[in-house]
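Peer 1: Give me a 3D structure for the following:
(2 chains)
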Amino acid sequence: MMVNLKINDLPVSVEAGSTILEAASKLDIRIPTLCHFKMDCFQVEHRSGSCRVCVVEVKGRPNLAPACSTPVTEGMEVQTNSLRAINARRTILDLLLSDHPKDCLICPKNLNCSLQALAQEMGLHQLLYKGEQSTYNKDLSSKAIARDLDKCIMCRRCETACNVVQTVGVLSGIGRGFNAVVGTAGLKPLAETNCVFCGQCVQACPVGALSEIDYKYDVWRALNDSSKTVVVQTAPAVRVAIGECFDMQPGSISTGKMITALRMLGFDKVFDTDFAADLTIMEETTELIERVRKNENLPILTSCCPGWVKFLEHQFPDLLYMPSSAKSPQQMFGAIAKSYYAQKIGVKPEDLIVVSVMPCLSKKYEASREEFSNNGVPDVDIVISTRELADMIREAGIQFEDLEDGVYDSPLGESTGAAVIFGASGGVLEAALRTAADWISGEDLQEIDFTAVRGLQGIKEATVKVGGIELKAAICSGLGNVRKLLEKIQRGEANYHAIEVMACPGGCLNGGGQPYHHGDSSILKKRLDALYRDDAGMPIRKSHKNPSIIKLYDEFLGEPGSHFAHKLLHTSYVNRRDQ
Amino acid sequence: MRIESPEFLKDAAAKYNSVTPPPVEILVSMGTCGIAAGTGNVLKAIYDEISAKHLENSFGVREVGCMGLCYAEPVIMTIDHSTGKQTIYGKVTREQIPAILSGRAGETSECYVIPRNWYYPEFETPAEGEIQARIVLRNTGRMNPEKIEQYIANGGYSALGKAVTTMTPQEVIDTISASGLRGRGGGGFPTGRKWQFAADQKSDEKFIICNADEGDPGAFMDRAVLEGDPHSVLEAMAIGGYAIGAHTGVIYIRAEYPLAVKRLEIAIRQAEELGLLGKNIMGSGFDFNIQIKFGAGAFVCGEETALIHSIEGHRGEPTVKPPFPAVQGLWKKPSVVNNVETYACIAAIIRKGAEWFRTIGTEGAPGTKVFALAGKVAKVGLVEVPMGTTLRQIIYDIGAGIKNNRQFKAVQTGGPSGGCITKANLDLPIDYEALKAIGSMMGSGGMIVMDEDNCMVDIAKFFLEFTLDESCGKCTPCRIGNRRMYEMLEEITDGRGTVATLEKLKILSRTIKDTALCGLGQTSPNPVLSTMANFEDEYLAHVKEGRCPAGACSKLIHFQITDRCVGCGICLRNCPANCITGERRARHVIDQDKCVKCGACFNACKFHAVERV
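Peer 2: Residues are numbered from 1 along each chain as shown, chains lettered A, B, ... in the order given. Reported below is the predicted structural model:
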């Protein structure tokens, strides 16, 4: 049913149940918003109507109406720019700024802040209201996420990300009145909570209250330490997003420019996490086939995502036997770099610094897990996000968009199309299926596009005939969806052979360390397309065909799943429920 | 025993009524207010006296709820069944009990006898001087709330029986709609219409919720009803459930009301034992159960959406309406949220009919309203008057005017969301619209009287401070705006304000009213706006002259000793800050740097030598 209304005297007709904001956007009338957050591609909407920035005048209504959460009614007459509405909006913004630090120049969200943008858009150059400002201790307890609650504007978008989308349940409104703020239970530091560091809250936060823990300076220091050999690995999803930080079109594949920039920054070798992704497929697929053949401990769950692994450890400790024991590509890379590669170039592991560039904040935490270090030497030393790398490139004065394309160094830089799609939800499973199909059938199959597992949907299912076996697989991204699926399995309502799990909705392309998308779903879709475009253009598209991987097993590891491979490339999980 | 039909109920009532009462019954006010004032001791003295003098056959004791005479607690009432004479004694002490029981008290002056100035519209016509009409409080202070027999004997549960066996749900709603009953929690929304909305929803489950989260400072109407007459609320909730198609009722009550909770629990158990709640009520096939849910003392949880979130176990904060609870309420099911006082009217309306209800009160607001009369009024207490009664009648005729012969200045209605009403409007017949028109509101019924010693800027600050503490902090205008308002009021009372501050205050007040998310925020500037409108001169005196006309803002006053001082030294001895010096029989001096402006010297001086400037 359609509803007719007028906004600024212009008639418009929208579906019943639409909001004034949606009706206005149909007329291309912009109403400023702040707390409202919507991700169409995941059917997520945070519509609390709490900031009151979007108030408009509705004829016949005694008070102003929040456009984001007021449903349209037949014959409604809305004025978005009446003096009353403008005055109210300005006063609201004035109030928000009166309780917000004005240190934009040094804020991690500088130029990425919605409040700053709003102040600019509304041309507010003078503040009427002054008074007490909220002050809280900064929470820098974790390796991944920094909380600066002085900057919290109580939009509560992070809460929707944490509780509704991810069902992690760490963040919640606490306190009353002026002292209300988003906090953790018992005001615990984030490091002591169930937080999985997915960083979806950081993506959702419109201001500088939530950001990453910044390791740029540690990288600069390592790069300038002549006693160290510094190598870098770049995750698959980084290459299709980093261009956005330099005003390139979303979906640009900037692998070559990124490699050149990394070399210019001073990295001794520029390697690729994709190499390790291929290695992961070798180990994980071996495990998959073995578990399917023995028909035990099924389904096998992927284990590349540290946010998901921590979620499992906290929330489903009874299912710790399910995930593959294979380490994540980041950690496999670290382990190989500090053993195989260090030996090859004759450098002691402690003199080799491994830096990761990740679309993810949880990777910072993962690298710090005890099991991922050897004699006190971590496999991965420093993890920076896509955003931090972009900052470093800018700081170094590199004109990213004008760079020539470079190529990865050998041997840890060679990879396949199967590896690059790790950056999208469904990619790991598809890569595993490509290898499993070949191995089980003993052929070199040409039909390798498993399109059923692609896309941004939260839960995908596919039944694939591999050799003589019918594999039932599920792909799940977004921890809320993961919870639903695992509970289904616990209740015995679903049976699968394999499930790919990613903590962030849509997979790593939407990671907490990626350039801010500000709720624009089209950006994510373009990153997704770019990953599959990159895959299609690769000469080799199956992990087990990667010559460097084959060589690695020949020279160093032996067989996939061998004792030595297990020692180096596999891990175990911890019950964190009782901690 | 199980009451299986309305006839059975009638028989039970007749049976309870046929018991010959003791010759004299003594009603002892055992509400929270009475107990706090020492009624427990009085009660014990009564029992002691009866047993000591073997008066068991002459006297019966009935523990009842609050009679509304807070200023006179401990209160007891004697009913002489041979003559029908009722006598109310106030400020009763243990020592007076023998005189009261021997019947001599009325003749001597040692006891404080209070004339009854209320009547019960359901059963009586008013006599001279009976301004109060008790419908909501029809049983409160008259029956033992822990004895369901007394409620039944007084016609209790007959309205439920009538509704579920002789009326259709729609007829019940039509009756409530026709009665014109409006929400007594403050909003004044027509109850019948609310029920109709919920009834019209198709859903497998619906809920009837009772809002007993009474949180206004100085408001205690709902507590009195729950403590004194819990069954009337249970009965009404069951009637509401029948009307909208709900089988579950939830009472959301603040945990700070332990006595009310205890009596509700007893009442629910008794009603269940008799089959008046539970399955197949009075043979009608209608099932209804009631649960109690505790609030944690957040004022905002009186807002219906916040209340629902709190019941669900979430943070108690409001959400944008629509959807209204009647469409999507508790657990996303259609729910009706009504206040205690609203429910307390329902059974009377069903029994006596909509027309009868409309004969009381005004055209736009039939019925009565209970007010918690407090502040500087001589007789603080609970009053129930027909809508349309004037403030003058309430404050002067019932409340006996202002304490200590001071002058009336203003009365605040509607609690922290209301406004201050001045002398000019004392003769205004009050109902929802009339109060709104003069910048205040009905609210839940708190009525705080102020005299000339109250500074109106300070009063506005006081109410705003309450809102500040109780705001959930969800929306910007309430979270930050109210803080800024409070800071500006502080500037004014500290003497740092300017005329520009007043202008900013006005703009901000209007914006908050216009943009806040829920009723709490939207009404929070009312005390500021109404005092600014009605007492502008006081605000101006603060900002222009640095003077507090009422002498209440300590930063703007100081005390000094004039030459009337005889040097007696009483001020010196009373000063807690040791800042007064002076030789005996010589004029004393206050050290202004040390003075904390407590006013102890001012109050102690017998020679009016201490001046407040």
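Peer 1: And stretch B:383-400, what's buried?
Peer 2: If you call a residue buried by 16 or more other C-beta atoms under 10 Å in any protein chain shown, then stretch B:383-400 has these buried ones: B:383-391, B:393-399. (C-beta placed from N, C-alpha, C; glycine too.)
Peer 1: what about it, start to end distance?
Peer 2: 12 Å (C-alpha to C-alpha, to the nearest Å).
Peer 1: which residues are contacting that stretch?
Peer 2: Stretch B:383-400 is contacted by residues B:68, B:117-118, B:131-137, B:360-362, B:365-371, B:373, B:377-381, B:401-402, B:408, B:411, B:421, B:425-431, B:447, B:449 when judged by C-beta atoms under 8 Å, 6 or more residues apart in numbering or on different chains.
Peer 1: which among the buried residues of stretch B:383-400 gets closest to chain A?
Peer 2: The nearest member of the buried residues of stretch B:383-400 to chain A, counting by C-beta to the nearest C-beta, is B:Met387 at 22.6 Å.
Peer 1: beta partners for the residue nearest to that closest one when sequence neighbours are not counted?
Peer 2: Closest residue in space to B:Met387, ignoring its immediate chain neighbours: B:Gly361 at 3.5 Å, by C-beta to C-beta, 6 or more residues apart in numbering or on different chains. Bridge pairing for B:Gly361 (DSSP bridges) gives the partners B:Pro366.
Peer 1: got it, and the one 10 residues further on?
Peer 2: Here B:Phe371 sits in beta bridges with B:Val383, going by DSSP bridges.
Peer 1: Quick one: list the elements packing against the strand or helix carrying B:Asp469.
Peer 2: Using DSSP states H and E, B:Asp469 sits within helix B:456-470. In terms of contacts (3 or more C-beta pairs under 8 Å, 6 or more residues apart in numbering or on different chains; DSSP states H and E), helix B:456-470 is packed against strand B:408-413, strand B:419-422, helix B:482-493, helix B:526-534, helix B:536-545.
Peer 1: Residues contacting it, please?
Peer 2: A:176-178, B:215, B:217, B:298-300, B:409-410, B:412, B:415-417, B:420, B:450, B:478, B:482-483, B:485-486, B:489-490, B:492-493, B:520, B:524, B:527-528, B:531-532, B:534-535, B:538-539, B:542, B:548, B:550, B:552-553.
Peer 1: same check, this time on stretch A:256-267
Peer 2: The contact list for stretch A:256-267, computed with C-beta under 8 Å, 6+ apart, reads A:223-224, A:230-232, A:234, A:238-239, A:242-243, A:270, A:355, A:357, A:389, A:392-393, A:396, A:398, A:400-401, A:403-408.
Peer 1: Just the buried positions in it, please.
Peer 2: Buried, per 16+ other C-beta under 10 Å, within stretch A:256-267: A:257-263, A:265, A:267.
Peer 1: so can I have JSON lines of the residues you listed showing pLDDT and secondary structure?
Peer 2: Putting these into JSON lines (pLDDT from 0 to 100; DSSP: H, G, I helix; E, B strand; the rest coil) gives the following:
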{"residue": "A:Lys257", "pLDDT": "98", "secondary structure": "helix"}
{"residue": "A:Met258", "pLDDT": "98", "secondary structure": "helix"}
{"residue": "A:Ile259", "pLDDT": "98", "secondary structure": "helix"}
{"residue": "A:Thr260", "pLDDT": "98", "secondary structure": "helix"}
{"residue": "A:Ala261", "pLDDT": "98", "secondary structure": "helix"}
{"residue": "A:Leu262", "pLDDT": "98", "secondary structure": "helix"}
{"residue": "A:Arg263", "pLDDT": "98", "secondary structure": "helix"}
{"residue": "A:Leu265", "pLDDT": "98", "secondary structure": "helix"}
{"residue": "A:Phe267", "pLDDT": "98", "secondary structure": "coil"}
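Peer 1: so which of these comes closest to B:Tyr157?
Peer 2: B:Tyr157 lies nearest to A:Met258 out of the buried residues of stretch A:256-267, by C-beta to C-beta, at 78.6 Å.
Peer 1: Name the nearest residue to A:Cys113, sequence neighbours excluded.
Peer 2: The shortest distance from A:Cys113 to any non-neighbouring residue, by C-beta to C-beta, 6+ apart, is to A:Val207 (5.3 Å).
Peer 1: Near that neighbour, how many other residues are there?
Peer 2: Using other C-beta atoms under 10 Å in any protein chain shown, A:Val207 has 25 neighbouring residues.
Peer 1: Narrow the contacts of stretch A:256-267 to those in helices?
Peer 2: Among those, the ones falling in helices (DSSP state H) are A:223, A:389, A:392-393.
Peer 1: Scan those and report the most crowded one.
Peer 2: A:Leu389 (25 neighbours).
Peer 1: what sits against it?
Peer 2: Contacts of A:Leu389 by C-beta under 8 Å, 6+ apart are A:238, A:242, A:258, A:262, A:357.
Peer 1: Only the buried residues of the helix or strand hosting B:Ile292, if you could.
Peer 2: Using DSSP H and E, B:Ile292 sits within strand B:289-295. Judged by neighbour count using 16+ other C-beta under 10 Å, the buried positions of strand B:289-295 are B:290, B:292-295.
Peer 1: That strand pairs with which strands?
Peer 2: Its sheet considered, strand B:289-295 pairs with strand B:248-254 (parallel) by DSSP bridges.
Peer 1: what sits up against the partner strand?
Peer 2: B:205, B:207-215, B:226, B:233-234, B:237-238, B:240-241, B:260-261, B:264, B:288-297, B:301, B:307, B:310-311, B:330.
Peer 1: mind giving me the domain split of chain B?
Peer 2: With domains defined by automatic domain parsing, chain B comprises B:20-116, B:148-357, B:368-451, B:456-545, B:558-612.
Peer 1: Get me the contact residues on chain B for chain A.
Peer 2: Residues of chain B lying close to chain A (C-beta under 8 Å from any C-beta of the partner chain) are B:298, B:315, B:317, B:319-320, B:322, B:468-484, B:487, B:504, B:507-508, B:511, B:513-517, B:522.
Peer 1: What's the ChimeraX syntax to select whichever of the residues you listed are buried?
Peer 2: Here is the ChimeraX selection string for the buried members of those, based on 16+ other C-beta under 10 Å:
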select /B:298,315,317,319,320,468,470,471,472,473,474,475,476,477,478,479,480,481,482,483,484,504,508,511,513,514,515,516,517,522
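Peer 1: Among the residues of chain B next to chain A, which lie within helices?
Peer 2: B:468-470, B:476, B:482-484, B:487, B:504, B:507-508, B:511, B:513-515, B:522.
Peer 1: Nearest to B:Asn338 among those?
Peer 2: Out of these, the member with the shortest distance to B:Asn338 (by C-beta to C-beta) is B:Gln522, at 20.6 Å.
Peer 1: could you measure whatever residue of chain A ends up closest to chain B against B:Ala400, distance?
Peer 2: Nearest residue of chain A to chain B, counting by C-beta to the nearest C-beta: A:Ala180, 2.3 Å away. Distance, A:Ala180 to B:Ala400, using C-beta to C-beta, to the nearest Å: 43 Å.
Peer 1: Which residue does the stretch 301-450 of chain B have closest to chain A?
Peer 2: For the stretch 301-450 of chain B, C-beta to the nearest C-beta, closest residue to chain A: B:Val320, 4.1 Å.
Peer 1: re earlier: would you mind listing the two of the buried residues of strand B:289-295 that lie farthest apart?
Peer 2: B:Ile290 and B:Gly295 (16.0 Å).
Peer 1: No further queries at this time; thank you.
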